[in-house]
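Asks: Sequence and predicted structure below; questions after.
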Amino acid sequence: MSSIKIVLRKKGLSDGTYPVCLRVTKNRKTKYFSTIFKSTEKEWDAPSGCFNKKNSNYIQNNRLLLKIKARALKVYADLDLEKEYFNLDDFGRRFRVDANPSTDYVFPFFEEIIAEMKLAGRMGNARLYNETLKSIRRFTNFKKLRFIDINNSFLNKYEAWLRSRGGADGGISIKQRTLRALYNKAIERNVIKDFNHPFKTYKVSKLKGRGIKKALNFEQVTKIIHFDVQKNLHLRDARNYFVFSFYTRGMNFADMMVLEWNDIESTTISYIRNKTKGRFVITILPPVQEILNYYREHTLPTKYVFPILLKDGLTPNQIEHRKKKTLAKYNRDLKEIAKLCGITKPLSSYVARHSFANCLKQKGVATDIIGESLGHKDLATTQVYLKELGSSVLDEAAALLL
């Protein structure tokens, strides 16, 4: 007796979701194979083994799941024809080789993951992985690289190479974290064994923790809040986006870009953060309400709150292209606002998030409430605090900034 099905594993993850896996059963023995997906129970249709319409990207995600299942069925059928008897280990080896012929080589696996992300519509992650792949290829002079070659020495040399090319802690951290994530995916998919994991000795965390220098104090934020847009109409959107982000606990540009009017209720905004997939329910404070009122009157005829995506129904690739273009303009406009406000610190879209945490600290809010700069040091710890404290505590804390 055998079966092949896409399922949610029963063991939940720290963010409240469950890993989506391929489950293969043969002769009453079962083995699970990881996919790139995770899901809440509300977004999952167990009988059919796929995402339901509550998942924001269910059509493309389900296409990839069907592709994974079809590949598994083919591998199983081929083994059944070739061998009189085979077990799940045989299946696992063939399934991995079928997906990635150069089993323990880094670059083919990189390309496989990027292709899966694009198929799933995760264009931002695909772009990040692709940029890291190109960087490592240049570092290695385009030579073949195996996972066994990635050790502490390799990582330190890669860091030094990035610094020699003008890399700063933030950019280096992103590339090393991406490589670490890829390494972990290789372990999850049985491409390699978890033996002498290089990131147990090379700590990416050493590259973090300096974001507070980018934060504004409350006096500086107040200058932006009261910035006279009537004299600088071309900067109205940039000012509004920054203030909106600041008073919504540092909502980032990617989430603001796809925020829909359906996410807005009479007193709250409810959305799922794209980066962490965590759900946030935020009380609408007066400055946010004022901005919402403005865009209800002046927005485009789309489902989106802000006039960033020009029409509905864009593909993930079109959305990513639009994000890149508009974010660049937003950051240019913020620099002009900073100059006009007499703010000498570098101003960019993410500064609103840093500043939110910094200003709460100025107001005397306990560190355990804001989670030590709300992700500047340890985003996972911040999320734990958010989950444990609930929205009401943070809403009261945010109200102190009025």
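Replies: Received, thanks.
Asks: mind listing what residue 167 touches?
Replies: Under the criterion of Cβ atoms under 8 Å, 6 or more residues apart in numbering, residue 167 has no contact partners. The way it works is simple: take the backbone N, C-alpha and C, and place the C-beta from them, glycine included.
Asks: again with the one 4 residues further on
Replies: With contacts defined as Cβ under 8 Å, 6+ apart, residue 171 is in contact with residue 162.
Asks: ok, now how distant is it from residue 135?
Replies: 10 Å (Cβ to Cβ, to the nearest Å).
Asks: which neighbours do these two share?
Replies: In terms of Cβ under 8 Å, 6+ apart, residue 171 and residue 135 are both contacted by the residues residue 162.
Asks: For the chain, give me the ranges with low pLDDT.
Replies: 1, 96-103, 208-213, 366-398, 400, 402 (pLDDT under 70).
Asks: at 80 what do you get?
Replies: Scanning the chain for pLDDT under 80 picks out 1, 84, 93-104, 119-121, 190, 208-215, 275-278, 354, 357-358, 360-402.
Asks: most residues in a single strand of it, which one?
Replies: For the chain, the strand reaching the highest residue count under DSSP state E is reported as strand 29-39.
Asks: Remind me what that one packs against, helices and strands.
Replies: Under the contact criterion of 3 or more Cβ pairs under 8 Å, 6 or more residues apart in numbering; DSSP states H and E, the helices and strands touching strand 29-39 comprise strand 18-26, helix 58-82, helix 88-99, helix 106-119, helix 169-188.
Asks: List the buried residues for the first one?
Replies: To tie it back to what came earlier, the one meant is strand 18-26. Buried residues in strand 18-26, defined by neighbour count with 16 or more other Cβ atoms under 10 Å: 18, 19, 20, 21, 22, 23, 24, 26.
Asks: Please report how far the fourth one lies from residue 312.
Replies: Computed as Cβ to Cβ, the residue 21 to residue 312 distance reads 33 Å.
Asks: got the end-to-end distance for stretch 296-308?
Replies: End-to-end distance of stretch 296-308 (Cα to Cα, to the nearest Å): 14 Å.
Asks: May I see the buried residues of that stretch?
Replies: For stretch 296-308, burial by neighbour count (16+ other Cβ under 10 Å) applies to 302, 303, 304, 305, 306, 308.
Asks: Present those as JSON lines; the columns should include distance to residue 202 and secondary structure.
Replies: Putting the buried residues of stretch 296-308 into JSON lines (distance: Cβ to Cβ, whole Å; DSSP: H, G, I helix; E, B strand; the rest coil) gives the following:
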{"residue": "302", "distance to residue 202": "45", "secondary structure": "coil"}
{"residue": "303", "distance to residue 202": "44", "secondary structure": "coil"}
{"residue": "304", "distance to residue 202": "41", "secondary structure": "strand"}
{"residue": "305", "distance to residue 202": "42", "secondary structure": "coil"}
{"residue": "306", "distance to residue 202": "40", "secondary structure": "coil"}
{"residue": "308", "distance to residue 202": "38", "secondary structure": "coil"}
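Asks: Report the two of the residues you listed separated the most.
Replies: 303 and 308 (12.2 Å; Cβ to Cβ).
Asks: Same question for the residue positioned nearest the centre of the chain, what's its three-state structure.
Replies: Centre of the chain computed as the mean C-alpha position; nearest residue by Cα atoms, centre = their mean is residue 275, 2.6 Å away. Assigned with DSSP: H, G, I helix; E, B strand; the rest coil, residue 275 falls in the coil class.
Asks: Contacts only, for it.
Replies: Under the criterion of Cβ under 8 Å, 6+ apart, the contact list for residue 275 reads 252, 254.
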